[in-house]
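Chemist: Let's see this in three dimensions:
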Amino acid sequence: MKIFSTLIFVAAFTVCANAQSLKESQVPAPAVSAFHKMYPEIKSCSWSLEDGNYEAEYNANKLEMSASFDKNGNLVETEKEIPVKDLPAGVADYVSKNYSGATIKEASMVTDAKGVKTYEAEIKGKDLIFDEQGKFLKEEKED
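Modeler: Have a look, this model is predicted:
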């Protein structure tokens, strides 16, 4: 019985720790409406609940993109995949100096609701966050 209880706890923790996939019908109507109003050309997306916000992930022009909304349909942020070479100057140097032998696997530009841009460089299961000038801000564990 102890093993069973432990397995249930681990499974529940894992689900809570990662983004939760949702059907569009499970997403608050204001968030769905805001997404379709902003992106009328996008016919297919995947929804998830991440950090209390509703994220729509989709592909456009062969790039991965997403838009996050709160339950009232207010835009929280957008994220757009970019070529690694398009990261701000200094990001590659920071990675080579601080993460010996690491390679940037993916890169993206994140724009918050106020228009502030940050950049993510994915390495070794982590996202490194940089400002527009390429200054390191923080490290986040990938979901």
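
Chemist: Can you give me the distance of Glu81 to Pro88?
Modeler: 16 Å (Cβ to Cβ, to the nearest Å). All C-beta atoms are positioned from the backbone trio N, CA, C, and that covers glycine.

Chemist: Which SSE is immediately downstream of the helix or strand of the chain with the lowest mean pLDDT?
Modeler: Averaged element by element with mean pLDDT, DSSP states H and E, the chain has its least confident helix or strand at helix 2-17 (a mean of 36). With elements assigned by DSSP states H and E, the helix or strand that comes after helix 2-17 is strand 20-22.

Chemist: what comes up buried for stretch 39-47?
Modeler: 39, 45, 47 (16 or more other Cβ atoms under 10 Å).

Chemist: among the residues you listed, which are in strands?
Modeler: Mapping these onto strands (DSSP state E) picks out Trp47.

Chemist: And the buried residues of stretch 39-47, which is closest to Ala56?
Modeler: Ranked by distance to Ala56 (Cβ to Cβ), those are led by Cys45 at 4.3 Å.

Chemist: For that closest one, grab phi and psi.
Modeler: Cys45 adopts backbone torsions of phi -150, psi 160, taken as degrees, to the nearest 10.

Chemist: so how far is Ser21 from it?
Modeler: Taking Cβ to Cβ, one finds Cys45 at 12 Å from Ser21.

Chemist: Are we agreed that Lys97 is in a helix?
Modeler: Yes - counting by DSSP: H, G, I helix; E, B strand; the rest coil, Lys97 is found in a helix.

Chemist: Look up how far Glu64 lies from Ser33.
Modeler: 23 Å.

Chemist: Can you spell out the domain ranges of the chain, please?
Modeler: 15-77, 83-143 (automatic domain parsing).

Chemist: ranges for the strands of this structure?
Modeler: 20-22, 46-50, 53-60, 63-69, 75-82, 106-112, 117-123, 126-130, 136-141.

Chemist: and the fourth one, C-alpha only, in CSV?
Modeler: Going back to what we said before, that points to strand 63-69. Output of strand 63-69 as CSV, limited to C-alpha atoms (Å, rounded to 0.1, in the frame of the first residue of the first chain):
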residue,chain,number,x,y,z
LEU,A,63,8.2,28.1,-36.8
GLU,A,64,6.8,27.3,-33.4
MET,A,65,4.9,30.1,-31.7
SER,A,66,2.7,30.6,-28.8
ALA,A,67,0.5,33.2,-27.1
SER,A,68,-0.5,33.2,-23.4
PHE,A,69,-3.6,34.8,-22.0
